[in-house]
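Engineer: take a look and give me a structure for this.
(one chain, ligands or ions: 3)
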Amino acid sequence: MYALTAKSMKYMDEYTMDKGVPSSVLMENASRGVVNEITERFPDTNTRVLVMCGPGNNGGDGVCVARWLLHLGYSVTLYFVGDPNRTSKEFRRQIRIISSMFPDLKIYGTEDAAESLKALRSEYDVLVDGIFGTGLNRRFGNNFVKFLEYVNSKKGYKVAIDIPSGLNATTGQIMNAVFRADLTVTMGNYKTGLFFCEGRKVSGEVKVVDIGLAKRGYRDIPDRIFVCDREFFRKTKDMALIPRTEVSHKGTYGTVGIVVSPGSMMGAAMLSAKASYRAGCGLVKIFCPNKFTGFFNVSIPEAVVVPYKTDDVIGALDDFVESVDVVLAGPGMKEDATGRLIIKEILAQETPVVLDAGALNLISKNLKPFRKRKCPCIITPHVGEMARLCGEDIQVIEKNRIGFTKKFSELYRVSMVVKSDVSLVSLIKEDGTQRLYLNVTGNSGLATAGSGDVLSGVIASLIAQGNSENNSLLYGVMIHGMAADKFAVDEDSRRKMMAGDIVESIF
Ligand SMILES: NC(=O)C1=CN([C@@H]2O[C@H](COP(=O)(O)OP(=O)(O)OC[C@H]3O[C@@H](n4cnc5c(N)ncnc54)[C@H](OP(=O)(O)O)[C@@H]3O)[C@@H](O)[C@H]2O)[C@@H](O)CC1
Ligand SMILES: Nc1ncnc2c1ncn2[C@@H]1O[C@H](COP(=O)(O)OP(=O)(O)O)[C@@H](O)[C@H]1O
Ligand SMILES: [K+]
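Structural biologist: Ligands and ions are numbered 1, 2, ... in the order given. Now for the predicted structure:
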């Protein structure tokens with residue numbers, strides 16, 4: 001399943017129509033999907049439904065939904081919102097059909113203001129928003145804002161068709177008002193705006209309806225984003241990840257080398273180390289200043305601690321990097337001179353590297369060694385770290401997370417995850433082609449200090465076990481999310497979750 005921008009979604013609609021599927025059939029499929037979701041939740045035909053329609057094809061969907069609900073015997077009030085002189089062809093067709101099938105049906109909102117107001121003020125069990133969908137193209141006038149505010153204040157279960165009216169289907173930004181849905185039934189594919197900025201807050205539960213889009217069309221959409229959920233992980237992990245074999249020893253599953261600089265917070269590296277072990281690698285080595293040896297020996301006795309003297313780090317570091325299958329640097333790392341030196345040296349070696357947290361802040365100050373790196377590299381910034389890497393404000397990144405991720409990943413030829421409540425993954429293949437993925441596993445329990453350290457530990461562990469860097473990144477993100485879902489089965493467990501709990505819930 002993909003998440004598409006409004007523009008790409010329009011392309012898919014048109015591509016399918018070009019193949020000969022009439023627009024009205026797509027609309028019929030779309031509306032039937034909405035009706036199924038409503039009738040499943042409200043099987044009683046005495047349910048009172050208000051369907052609000054705008055002038056475009058989203059309104060056309062709305063009218064079609066109203067017709068089906070009337071056909072099934074529901075009590076339906078149809079309310080038009082917008083400029084009646086600028087309606088779309090499909091909208092007019094739907095109005096003709098409903099008017100000829102149900103000649104007594106009144107369409108409120110256009111004439112007779114007093115009666116329309118009365119209809120709007122009545123009580124409804126379900127309120128359906130078919131006002132604007134992917135065609136929203138400007139800010140609302142005052143009347144619209146007031147209308148949406150009033151509708152939001154009404155009781156009743158709120159269903160948005162395709163996307164909540166007022167939400168930008170591509171960016172997830174809200175215009176100047178938005179319909180606040182309990183359920184969004186979206187057509188053909190997720191829309192990217194349902195995941196970013198305000199999208200998740202106002203969409204409620206999201207269901208995708210298969211409207212019969214011609215799948216070959218996806219090939220023409222370079223910015224399509226594959227949505228990674230639990231089901232995708234379950235179906236593909238055995239193909240993607242190297243299986244564990246019984247005929248093996250610890251060397252079979254590789255060594256993760258965690259590099260700790262003198263100013264580091266030790267707990268972060270400890271969490272990464274534990275996560276690496278839990279994700280299956282054979283050995284974790286920790287390269288740390290002499291003064292930290294005792295801490296690591298006690299907090300994670302399974303690890304091999306390799307101490308170094310802070311005034312003579314480089315020689316020891318080179319030997320360390322050569323002795324491991326993958327280097328993880330950054331968790332808990334503070335910006336100091338030794339840290340800077342360490343990162344520069346690691347990037348000049350050939351051992352694969354995962355850079356996280358502090359290491360990313362260090363390279364963002366000077367991206368030249370990163371650009372010239374010799375090693376395969378994965379980076380795992382959260383949105384704040386991404387902003388520093390791009391030299392932009394967080395708000396700027398938030399408004400166009402897809403664009404910045406695509407560009408940075410392409411420019412530096414680096415596979416990366418930009419972490420957030422839904423994380424965006426960009427994989428760069430050897431031939432330079434790029435694929436985007438959106439992780440929807442995980443939950444708000446992950447919003448706790450140290451959970452990013454656990455993620456980078458998991459990714460490094462998968463690399464150490466011999467998986468490709470790209471698969472390790474993508475499946476590491478999902479394994480991390482699913483560990484959180486395993487621990488946090490309800491709101492209270494999400495509340496109490498700590499990073500250590502995620503470690504213990506891996507697999
Ligand atoms: N066959 C298909 O294509 C299928 C399409 N499908 C459905 O169609 C939806 C897309 O339809 P769409 O492209 O007609 O756009 P839509 O969201 O109805 O809005 C356009 C109208 O709104 C108006 N308008 C915009 N902003 C405004 C504002 N701020 N304030 C006031 N007015 C504003 C704009 O006015 P104009 O710019 O022309 O002045 C125009 O009249 C999609 O989300 C899905 O539900 C599905 O059924 C599957 C098959
Ligand atoms: N609300 C949320 N829902 C799902 N995942 C979340 C949420 N908040 C944070 N996460 C995930 O938790 C991790 C947090 O990483 P990060 O911000 O680096 O934390 P830290 O620096 O404390 O280790 C990321 O993988 C992120 O995607
Ligand atoms: K809508």
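
Engineer: got a list of what L360 touches?
Structural biologist: G330, I379, T380, P381, E385, R388, L389 (C-beta atoms under 8 Å, 6 or more residues apart in numbering). To be clear about C-beta, it is placed using only N, CA and C from the backbone, and glycine gets the same treatment.

Engineer: quick check, the second one in contact with K419.
Structural biologist: No. Using C-beta atoms under 8 Å, I379 is not in contact with K419; the gap is 10.6 Å.

Engineer: on that earlier part again, let me know the closest of the contacts of L360 to G466.
Structural biologist: Within the contacts of L360, proximity to G466 (C-beta to C-beta) peaks at T380, which comes in at 20.0 Å.

Engineer: show the pLDDT at the closest residue to that closest one other than its chain neighbours.
Structural biologist: Of all residues not flanking T380 in the chain, D356 sits nearest, at 4.7 Å (C-beta to C-beta, 6 or more residues apart in numbering). pLDDT, D356: 98.

Engineer: phi and psi next, for D356.
Structural biologist: The phi/psi pair for D356 (degrees, to the nearest 10) reads phi -140, psi 170.

Engineer: related to what we said a few turns ago, which members of the contacts of L360 are the farthest-apart pair?
Structural biologist: Using C-beta to C-beta, the contacts of L360 reach their maximum pairwise distance at T380 and R388, which is 13.6 Å.

Engineer: check which helix or strand the residue nearest to P381 when sequence neighbours are not counted maps to.
Structural biologist: Distances taken as C-beta to C-beta, 6+ apart place L360 nearest to P381, at 5.0 Å, with adjacent residues excluded. If you go by DSSP states H and E, L360 is part of helix 357-365.

Engineer: return that helix as CSV; C-alpha atoms alone will do.
Structural biologist: C-alpha atoms of helix 357-365 as CSV (Å, rounded to 0.1, in the frame of the first residue of the first chain):
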residue,chain,number,x,y,z
ALA,A,357,22.2,11.4,17.6
GLY,A,358,25.4,13.3,18.7
ALA,A,359,27.4,12.0,15.7
LEU,A,360,24.8,13.6,13.4
ASN,A,361,25.1,16.9,15.2
LEU,A,362,28.9,16.8,14.8
ILE,A,363,28.7,16.1,11.1
SER,A,364,26.1,18.8,10.5
LYS,A,365,28.7,21.3,11.5
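
Engineer: pull the residues that contact the helix or strand just after that helix.
Structural biologist: Downstream of helix 357-365, the next assigned helix or strand under DSSP H and E is helix 368-371. Here helix 368-371 makes contact (C-beta under 8 Å, 6+ apart) with I343, K344, L347, A348, I363, C377, Y412.

Engineer: quick check, the first one in a strand?
Structural biologist: The one in question is I343. No. Per DSSP: H, G, I helix; E, B strand; the rest coil, I343 lies outside any strand segment and is helix.

Engineer: would you map out the domains in the protein?
Structural biologist: Following automatic domain parsing, one gets these domains for the chain: 2-218, 231-504.

Engineer: can I get these in a markdown table with distance to R224?
Structural biologist: Shown next, in a markdown table, are those (distance: least, C-beta to C-beta, whole Å):
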| stretch | distance to R224 |
| --- | --- |
| domain 2-218 | 5 |
| domain 231-504 | 7 |
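
Engineer: and of the ones you listed, who's closest to ligand 3?
Structural biologist: Minimum separation from ligand 3 across these (C-beta to the ion) falls at domain 2-218, 4.4 Å.

Engineer: what's the span of the closest one, first residue to last?
Structural biologist: 9 Å (C-alpha to C-alpha, to the nearest Å).

Engineer: again, but for stretch 308-319
Structural biologist: 11 Å.

Engineer: got the buried residues for that stretch?
Structural biologist: Neighbour counts over stretch 308-319 (16 or more other C-beta atoms under 10 Å) mark Y308, V313, L317 as buried.

Engineer: try stretch 484-492
Structural biologist: Neighbour counts using 16+ other C-beta under 10 Å place A484, D485, F487, A488 of stretch 484-492 among the buried residues.

Engineer: what's the span of that stretch, first residue to last?
Structural biologist: Start-to-end span of stretch 484-492 (C-alpha to C-alpha) is 13 Å.

Engineer: can you check stretch 192-200 too?
Structural biologist: Using C-alpha to C-alpha, the end-to-end distance of stretch 192-200 comes to 10 Å.

Engineer: show the buried residues in the contacts of helix 368-371.
Structural biologist: Of those, these count as buried by 16+ other C-beta under 10 Å: I343, K344, L347, I363, C377, Y412.

Engineer: list the contacts of V353.
Structural biologist: In this structure, V353 makes contact with V326, V327, L328, A329, I346, L347, R373, C375, P376, C377, I378, judged by C-beta under 8 Å, 6+ apart.

Engineer: which of those are buried, as a PyMOL select command?
Structural biologist: This is how PyMOL selects the buried members of the contacts of V353, with burial counted by 16+ other C-beta under 10 Å:
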select buried, resi 326+327+328+329+346+347+373+375+376+377+378
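
Engineer: got the contacts of V353 as CSV, with pLDDT and secondary structure columns?
Structural biologist: Shown next, in CSV, are the contacts of V353 (pLDDT from 0 to 100; DSSP: H, G, I helix; E, B strand; the rest coil):
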residue, pLDDT, secondary structure
V326, 98, strand
V327, 98, strand
L328, 98, strand
A329, 98, strand
I346, 97, helix
L347, 97, helix
R373, 97, coil
C375, 96, coil
P376, 97, coil
C377, 97, strand
I378, 98, strand
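
Engineer: tell me which of the contacts of V353 is nearest to I97?
Structural biologist: When the contacts of V353 are compared against I97 (criterion: C-beta to C-beta), the nearest one is I378, at 53.8 Å.

Engineer: hmm, that closest one is touching V354, no?
Structural biologist: Yes. Using C-beta under 8 Å, I378 is in contact with V354, at 4.9 Å.

Engineer: now do the shared contacts for those two.
Structural biologist: With C-beta under 8 Å, 6+ apart as the test, I378 and V354 both reach I459, I463.

Engineer: how about the helices in the stretch 1-150 of the chain?
Structural biologist: Taking DSSP state H, counting those that start in this stretch as the criterion, the stretch 1-150 of the chain carries its helices at 6-18, 23-41, 57-71, 89-101, 113-121, 142-153.

Engineer: which among these is found nearest to I258?
Structural biologist: Closest approach to I258 among the helices of the stretch 1-150 of the chain (C-beta to C-beta): helix 6-18, 40.5 Å.

Engineer: what sits up against the closest one?
Structural biologist: By C-beta under 8 Å, 6+ apart, helix 6-18 touches 4, 23, 26, 134-135, 168-170, 187-189, 191, 193, 212-214, 216-218, 220-221, 223-224.

Engineer: buried subset of those as a PyMOL selection?
Structural biologist: Buried members of the contacts of helix 6-18, defined by 16+ other C-beta under 10 Å, are picked up in PyMOL with:
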select buried, resi 4+23+26+134+135+168+169+170+187+188+189+191+193+213+217+218+221+223+224
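
Engineer: which ones among the contacts of helix 6-18 lie within strands?
Structural biologist: Among the contacts of helix 6-18, DSSP state E puts L4, M187, K191 in strands.

Engineer: counting neighbours, go ahead and name the busier of T380 and R388.
Structural biologist: Higher neighbour count among T380 and R388: T380, with 29 against 17, using other C-beta atoms under 10 Å.
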